[in-house]
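Participant: got a predicted model here, sequence first, then my questions.
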2 protein chains.
Amino acid sequence: MSPQLRSYLELVSANDNFSYDFQSQSTYYTFHLPHDDLPHGYMHPLVVSKMPWTPSFLVDHQTRTVTLRALANDDMSRACNSALQDLIDVIIEKNTFEVLAGRHSEMYRVPGAVCPVSIERFAAPLFGTIGRGAHLTAYTHTPDGMKIWVPRRSANLKTYPGMLDSTVAGGVRADENPFSTIVHEADEEASLSEVVVRRDVKATGVLTYMHSTDHSFFAEKDLVIPDMLYVYDLELATNMVPIPKDDEVKEFYLMDIEEVEKALRSGEFKVNSAVVMIDFFIRHGIVTEENEQDYEEICMRMHRRLPFPMSKTR
Amino acid sequence: MSPQLRSYLELVSANDNFSYDFQSQSTYYTFHLPHDDLPHGYMHPLVVSKMPWTPSFLVDHQTRTVTLRALANDDMSRACNSALQDLIDVIIEKNTFEVLAGRHSEMYRVPGAVCPVSIERFAAPLFGTIGRGAHLTAYTHTPDGMKIWVPRRSANLKTYPGMLDSTVAGGVRADENPFSTIVHEADEEASLSEVVVRRDVKATGVLTYMHSTDHSFFAEKDLVIPDMLYVYDLELATNMVPIPKDDEVKEFYLMDIEEVEKALRSGEFKVNSAVVMIDFFIRHGIVTEENEQDYEEICMRMHRRLPFPMSKTR
């Protein structure tokens, strides 16, 4: 951990670190689904060349495209899902890419696909398809001002071990929506009752960014992770205390704003959870135009326009 | 007013209606300040050709740039301001452009300029420089749920007469910051006391968009208006009632969420105030991933990355 303090814009930029430059972007291959002219991901050229492609995929080095093929009379969803799964099975068997860590993972939906298509969570960064996460910030009003419940991640997690995080967070599985993710993760990670969560949690927006894996990532570099984070607030009564349940959280701290700010600036938060906290600070009038010189830039950068479709109704 | 109901994404797109396509954008000239390699605005070719340029400006049709010139030993701010003002004086005298309506207007700061530069509000769309506005949404909790204070604009206003608006809104003058704009506009437009406003108003973010004037605009078409709207919330006690003071507001209505939604969808709101209201709905968990199919797209589109610098500390 560097002793140098980071600005909020530096924290946001470290998360949204994929180039905005068209030239740099065009070194990537675009990933396409059948009968769909919009791309669904960016693939690094090294991934394309190393991938154990099956005949279900057409790789065109001229147009720098990878297209999943399906016959017009196929059940499109089934054809796509099984082509992707067959390929991922080979990757895992051959241990082609470190990012899969040699094992299967939960199924994620590819947003904006014309028919439902799912892909294993750990494999999504190889294709550069949009991932979806849900983050909840729980806070409470005390006589000493607002305080926030901040967990420390377990030391044995593969990603960001021991770092600070959003109160509750999880990836959105293909079979659920962001709010149901919050409901079950709040129980699993923080022992927060479903009744309280369903009654008091407030949806507050979506943050979007494009992350590019770098030296701090445990596996391949320069993979593209476009992400949508659904953010939620939960005001808890002062006598309600989140308690770790599964093995993802080591412990919860009740921090005041100054402590959270200090931890953010010292780089103690997981990269995307830092951005969720900065968004919370902005929505709650803690970070303002008057006290933050990069206020406008931060607001824009937390809502990056992703170059892939995402509508539910294409 | 069309009887057809608009979706929230349609309302957001009507406001952020400048093309995202690089080719369309490149028909515009970029506007430059001296000793600054980043552009500060997009100028329509017809505006460039019709403008009564003075020798302080260099128009280059090859690079499609307009550059304000200043000698290295000039007082930069003063040189820029007087060159712009001399030009605007000529425009008003000759009545070259309808958008100025033949009269002077308040001074606006050009954001992100390396030295402070100001331009008259009505002239900014000719140069396509970023404008700044501040919008406040006042609401109250009643036994029947949340209600919002919605004003109707006076019928004699030049822009959007008779339409619904944010509770309080105004452009940010060069000599003030967004919060001070809210403080004095809340008094002038709604008779809300400075003490209450300073105590209870909460800053909640910045919305960014690029508007291109179209047939509904009273003056030139295809002018580019990149805008930053600083948004604020104010929860009022049920016995506090905003009352029109200056001649900009005809009357205030206390609307429930359903009434506001209906007015939005019928196109009764001023174009950018509709977006402020949709942002309010998203931050307050009224519009969510579960009830709005374009949720993600709306969140991104309300925070467009503007292609011009905006930092206070360049």
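Facilitator: Received it, and whenever you're ready, just let me know what you need.
Participant: residues of the lowest-mean-pLDDT helix or strand in chain A that come out buried?
Facilitator: Lowest by mean pLDDT, DSSP states H and E among the helices and strands of chain A is helix A:22-25, with a mean of 81. By 16 or more other CB atoms under 10 Å in any protein chain shown, helix A:22-25 has no buried positions at all. Quick note: C-beta positions are derived from backbone N, CA and C, even for glycine.
Participant: the next helix or strand along the chain from it pairs with which strands?
Facilitator: Downstream of helix A:22-25, the next assigned helix or strand under DSSP states H and E is strand A:29-32. Strand A:29-32 sits in its sheet next to strand A:41-43 (antiparallel), strand A:65-68 (parallel), going by DSSP bridges.
Participant: just say which of the ones you listed is most tucked in.
Facilitator: Stretch with highest mean neighbour count among the strands paired with strand A:29-32: strand A:41-43 (a mean of 25; mean count of other CB atoms under 10 Å in any protein chain shown).
Participant: give me the next element, helix or strand, following that one.
Facilitator: That would be, after strand A:41-43 and using DSSP H and E, helix A:45-50.
Participant: immediately after the lengthiest helix in chain A, which helix or strand?
Facilitator: Of all the segments of type helix in chain A, defined by DSSP state H, the longest one is helix A:76-94. Sequence order places strand A:107-109 as the next helix or strand after helix A:76-94, per DSSP H and E.
Participant: please state the offset of the helix or strand hosting A:Leu234 from the chain centre?
Facilitator: Using DSSP H and E, A:Leu234 maps to strand A:224-235. Its chain's average C-alpha position is 7 Å from that of strand A:224-235, according to CA atoms, centre = their mean, to the nearest Å.
Participant: just stretch A:37-52 next, same as before
Facilitator: The answer for stretch A:37-52 is 19 Å, by CA atoms, centre = their mean.
Participant: partner strands of the strand holding A:Leu234, with direction?
Facilitator: strand A:131-142 (parallel), strand A:202-212 (antiparallel).
Participant: export those strands to JSON lines and tack on mean neighbour count?
Facilitator: Listed next are the strands paired with strand A:224-235 as JSON lines, based on neighbours: other CB atoms under 10 Å in any protein chain shown:
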{"stretch": "strand A:131-142", "mean neighbour count": "22"}
{"stretch": "strand A:202-212", "mean neighbour count": "23"}
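Participant: pLDDT score for the residue in the stretch 101-250 of chain A that chain B sits nearest to?
Facilitator: Chain B sits closest to A:Lys202 of the stretch 101-250 of chain A, with a gap of 3.8 Å, by CB to the nearest CB. A:Lys202 carries a pLDDT value of 98.
Participant: three-state assignment of the closest residue in space to it that isn't next to it in sequence?
Facilitator: Nearest residue to A:Lys202 in three dimensions, chain neighbours excluded: B:Gly285, at 3.8 Å (CB to CB, 6 or more residues apart in numbering or on different chains). Under DSSP: H, G, I helix; E, B strand; the rest coil, B:Gly285 falls in the coil class.
Participant: OK, contacts around B:Gly285?
Facilitator: For B:Gly285, the contacting residues are A:202-204, by CB atoms under 8 Å, 6 or more residues apart in numbering or on different chains.
Participant: now do A:Val276
Facilitator: A:135, A:137, A:166, A:169, A:207, A:229, A:231 are the contacts of A:Val276 under CB under 8 Å, 6+ apart.
Participant: looks like the fifth one contacts A:Met228 (just checking).
Facilitator: Yes - using CB atoms under 8 Å as the test, A:Leu207 is close enough to A:Met228 to be in contact (7.5 Å).
Participant: which bits of the stretch 101-250 of chain A sit near chain B?
Facilitator: Within reach of chain B by CB under 8 Å from any CB of the partner chain, the stretch 101-250 of chain A has these residues: A:111, A:177-179, A:202-208, A:228, A:230.
Participant: domain boundaries for chain A, per the record?
Facilitator: Domain ranges of chain A: A:8-16+A:131-302, A:22-127, per the TED database.
Participant: out of those, which is the most enclosed?
Facilitator: domain A:8-16+A:131-302 comes out most buried of those by mean count of other CB under 10 Å, with a mean of 19.
Participant: and A:His215, that's in a helix?
Facilitator: No - counting by three-state DSSP, A:His215 falls outside a helix, being coil.
Participant: residue contacts, it?
Facilitator: A:Lys221.
Participant: can I get the contacts of B:Gly285 in a markdown table including distance to B:Val275?
Facilitator: Shown next, in a markdown table, are these (distance: CB to CB, whole Å):
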| residue | distance to B:Val275 |
| --- | --- |
| A:Lys202 | 20 |
| A:Ala203 | 18 |
| A:Thr204 | 17 |
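Participant: next, the distance between the ends of stretch A:53-62.
Facilitator: 17 Å (CA to CA, to the nearest Å).
Participant: so A:Met240 makes contact with A:Thr140?
Facilitator: Yes - the criterion here is CB under 8 Å, and A:Met240 meets it with A:Thr140 at 7.5 Å.
Participant: tabulate the contacts of A:Val276 in CSV, adding columns for pLDDT.
Facilitator: Formatted as CSV, the contacts of A:Val276 follow (pLDDT from 0 to 100):
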residue, pLDDT
A:His135, 98
A:Thr137, 98
A:Ser166, 98
A:Ala169, 98
A:Leu207, 98
A:Leu229, 98
A:Val231, 98
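Participant: any stretches of chain A with poor pLDDT?
Facilitator: Where chain A drops to pLDDT under 70, the residues are A:1-3, A:72, A:313-314.
Participant: let's go with 80 and repeat that
Facilitator: A:1-3, A:22, A:71-74, A:312-314 (pLDDT under 80).
Participant: wait, which of the strands paired with strand A:224-235 is closest to A:Cys299?
Facilitator: strand A:202-212 (10.5 Å; CB to CB).
Participant: CA atoms of that closest one as CSV?
Facilitator: Only the C-alpha atoms of strand A:202-212 are listed here, as CSV (Å, rounded to 0.1, in the frame of the first residue of the first chain):
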residue,chain,number,x,y,z
LYS,A,202,-33.5,2.0,-1.4
ALA,A,203,-32.3,1.7,-5.0
THR,A,204,-30.2,4.7,-6.0
GLY,A,205,-28.8,4.2,-9.4
VAL,A,206,-26.3,2.3,-11.6
LEU,A,207,-22.6,3.0,-11.9
THR,A,208,-20.9,2.0,-15.1
TYR,A,209,-17.2,1.7,-15.9
MET,A,210,-14.7,-0.2,-18.0
HIS,A,211,-11.9,-1.8,-16.1
SER,A,212,-8.8,-3.2,-17.7
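Participant: any idea what A:Asp256 is bridged to?
Facilitator: According to DSSP bridges, beta-bridge pairing links A:Asp256 with A:Lys147.
Participant: in a markdown table, list the domains of chain A along with distance to B:Ser77.
Facilitator: A markdown table is the format used below for the domains of chain A (distance: least, CB to CB, whole Å):
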| stretch | distance to B:Ser77 |
| --- | --- |
| domain A:8-16+A:131-302 | 19 |
| domain A:22-127 | 34 |
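Participant: ok, A:Val59 touching A:Val66?
Facilitator: Yes - here A:Val59 reaches A:Val66: they are 5.3 Å apart, a contact under CB under 8 Å.
Participant: give the residues shared as contacts by the two.
Facilitator: A:29, A:48.
Participant: need phi/psi at the residue nearest to A:Lys202.
Facilitator: Here is the backbone geometry of B:Gly285 (degrees, to the nearest 10): phi 70, psi 20.
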